[in-house]
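Peer 1: generate coordinates for the sequence data below:
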Amino acid sequence: MSAIDVFVDFSRVPADVPLPATFARLASPELLGCFAEHVTCAMPSDHPALSGTAPPSAWRVSRTRPVKSCSRAMAAAADAERPLLVLLADVEPGCEALGLLLEAIDADPMIGFVLPRLRGSGDGSLARLDVSGDPAIDGLSRRLLAEIPDTYLVADAPARCLLIKPVVLANFGELDERFRSVGGALWHYIGRARRCGFRTLVCNRAIVSAGDAARRPRPACVITLGNLPEADRVTLRELLPDAERAHDEFGTGAVALAETRLARALPSAYGTQPSLLLDSRNVISAMNGTTMAALGISGGLHALGSGWEVTLLASREACAFHKLEQLFPDWDVTTKLPDRQFTVALRLSQPWHIQEMVDLHTAAAYNIYLFLDTIAWDIVYSAPRHLDGTWRFLVDHADGLLFISEFSRERFRRRFGTGAGVPCLVSHLSFDPADYLRPDVRPSPDQEDYIFIVGNEYDHKDVSPTIELLTTAFPYQRSVALGPATAATPRVTVLESGTLSDVDIHRLYAGARLVVFSSFYEGFGLPIITALAYGRTLLARRSALLEEIAARCAPGGRVVPFDRREDLVPLIGRLLHGQHVAELPLGTALDNGRPQSWRDVGRGIMSFLTTLIGDLSRSRWRSREHSIRQLMAAPTSLVEKGLQWPSIL
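Peer 2: Modelled structure (predicted):
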């Protein structure tokens, strides 16, 4: 059996900690008794429990400064060629844990330090590795051990229980006595050794108990900068300028962040509610299709009252414009990425940049994306730079994908695939007319004599050619259009898409004699549902999507398909004169005759998420973590181009 030397720093133990009982436990055969050759204790000079009581006779009591006492213990262990176990306060390592530490420290010649995990404050819990990550998580479930490796190889981890290799003790001398605390001096010492190649190993299967003193103010295995005296923080930054980088990039800072993310992914292990981050940062301070979809889904989830803890993330402008705090009073509505983590992060539109996926990865172990369409990728000119790479990264690393139509899913699958085993759900938007009718807008029984042409400035909406065609064919017919064209005649009113209020747009639908939706390419087609909700006759370009949507709409209004733009002229002519035209049947795919509402949409999404989080092995967080770290190391310096870890690091 290997022998070790031990240094125990009791100098900062509070007065209410019963030291005599602590001495007895540490000296027992179950703890240090079978391993410790020499034990040095740094003692507080004025602790009330010391009156008439002394540590075991084999222990050396030191009342000099703790940093100096630790240096003497290190020198003695180096001379004896034994490892030194450093305990800060009343940490109680058992024989099994010590055996694992001794085995681990000899597994690699360049492992200079080994530390165990601490038990948490509750039964069956683990202390956090350090205070990085979600600040609301005080401890970790033992269930987490099934999801993490046996060991972490880290840098600069001055722990409450730390085993130091003899070769390190023999070569790096004493602690720097400019430090006031052993924790600060150890951090500097470990950093010096690391700069010569000696790293630190965290043994996740070696678990030791922490007494009352070691659990204050909260249990954590590693001493962090915030735990050090201010003077020690200043000294450490002067002597070891790379200390913070080592902690954040190579040390326990990044690991602890991943662990609290996993803890949020296991709400059942804590008996807590699952939590959901709804990323609505793509919602603008106006009404468009993306905004309608995101707000509709959010409204359905809110009405459902799923029992999940929900945070809605949106821009400051969108929060004010749409009055999101009033719309969702039971939710936390925020305008910046929260400093906490979640079970699931759901982005309510497709991502446009990898940074958005980095944000969600940092926030949750499960990352889900709602996909509206692939139009930007197909038309190219409106796509952000490197969109192809962004969406291929999505395919490789998303934990789940939602599509708003089967048509949209098929377009995505044919262009990018969906990845083996990536859960997908076609989550149509609401088809319920009640979700689209505004109570302050009523269809007029005497319809105004205008044709409403719906679209925007994008070429695939085909608004300008359609206006030109219809004004030529029907020069005396009044028309109103949403799009980029200039009015060709006084009988045509062209309004810029995105500039009208929601109520004004609905009035245009409600008062139109005919609605023309000439778009070549949609992911769902909200104008179809809105026109039918107001009982209007809609002319729309024939497609598989149009048939898919019409089959799920309640009867009411009419859908007249056309194949070529020129077909609009005879069709509109017949409609204006009350003649028969071919229509698409409505409601042929309705479930029990009832169209799906936003509440039904929310129910389907929550069912999908609930099933997904039942098995953490389905999360792709590990591969995502590795890929993001590789991206950060790209030689083209993605950091300089804006890719960076979120502020919660």
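
Peer 1: ranges for the helices of the stretch 501-649 of the chain?
Peer 2: 502-511, 526-533, 544-550, 568-576, 598-612, 621-632 (DSSP state H, counting those that start in this stretch).

Peer 1: counting by contacts, list what the first one packs against.
Peer 2: This means helix 502-511. strand 450-454, strand 478-482, helix 526-533 (3 or more CB pairs under 8 Å, 6 or more residues apart in numbering; DSSP states H and E). For the C-beta atoms, the positions are set from N, CA and C on the backbone; glycine is no exception.

Peer 1: out of those, flag the one nearest residue 278.
Peer 2: helix 526-533 (19.5 Å; CB to CB).

Peer 1: alpha carbons only: can I get that closest one in CSV?
Peer 2: What follows is helix 526-533 as a C-alpha-only set of coordinates in CSV (Å, rounded to 0.1, in the frame of the first residue of the first chain):
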residue,chain,number,x,y,z
LEU,A,526,-49.9,32.3,-44.2
PRO,A,527,-51.7,34.6,-46.7
ILE,A,528,-53.6,31.5,-47.8
ILE,A,529,-55.0,30.8,-44.3
THR,A,530,-55.7,34.5,-43.7
ALA,A,531,-57.6,35.0,-46.9
LEU,A,532,-59.7,31.9,-46.3
ALA,A,533,-60.4,32.9,-42.7
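
Peer 1: what's in contact with it?
Peer 2: 289, 292-293, 429-431, 433, 436-437, 454, 506, 509, 512, 515, 517, 537-538, 540, 546, 549-550, 553-554, 556-557, 559, 586 (CB atoms under 8 Å, 6 or more residues apart in numbering).

Peer 1: and those, which are buried?
Peer 2: Neighbour counting over the contacts of helix 526-533 (16 or more other CB atoms under 10 Å) leaves 289, 292-293, 429-431, 433, 436-437, 454, 506, 509, 512, 515, 517, 537-538, 540, 546, 549-550, 553-554, 557, 559, 586 as the buried ones.

Peer 1: in strands only, show me these.
Peer 2: By the criterion of DSSP state E, membership of the buried ones among the contacts of helix 526-533 in strands covers 454, 515, 517, 537, 538, 540, 559.

Peer 1: can you put the residues you listed in JSON lines and add pLDDT and distance to residue 604?
Peer 2: Output for these, formatted as JSON lines (pLDDT from 0 to 100; distance: CB to CB, whole Å):
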{"residue": "454", "pLDDT": "95", "distance to residue 604": "27"}
{"residue": "515", "pLDDT": "97", "distance to residue 604": "28"}
{"residue": "517", "pLDDT": "97", "distance to residue 604": "26"}
{"residue": "537", "pLDDT": "97", "distance to residue 604": "31"}
{"residue": "538", "pLDDT": "98", "distance to residue 604": "26"}
{"residue": "540", "pLDDT": "98", "distance to residue 604": "26"}
{"residue": "559", "pLDDT": "98", "distance to residue 604": "24"}
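
Peer 1: show me the shaky parts of the protein.
Peer 2: Across the chain, residues meeting the criterion (pLDDT under 70) sit at 1, 15-17, 45-55, 57-58, 211-219, 419-420, 443-448, 485, 487-488, 635-649.

Peer 1: so which residue is dead centre in it?
Peer 2: Centroid-nearest residue in the chain, with CA atoms, centre = their mean: residue 363, separated by 2.4 Å.
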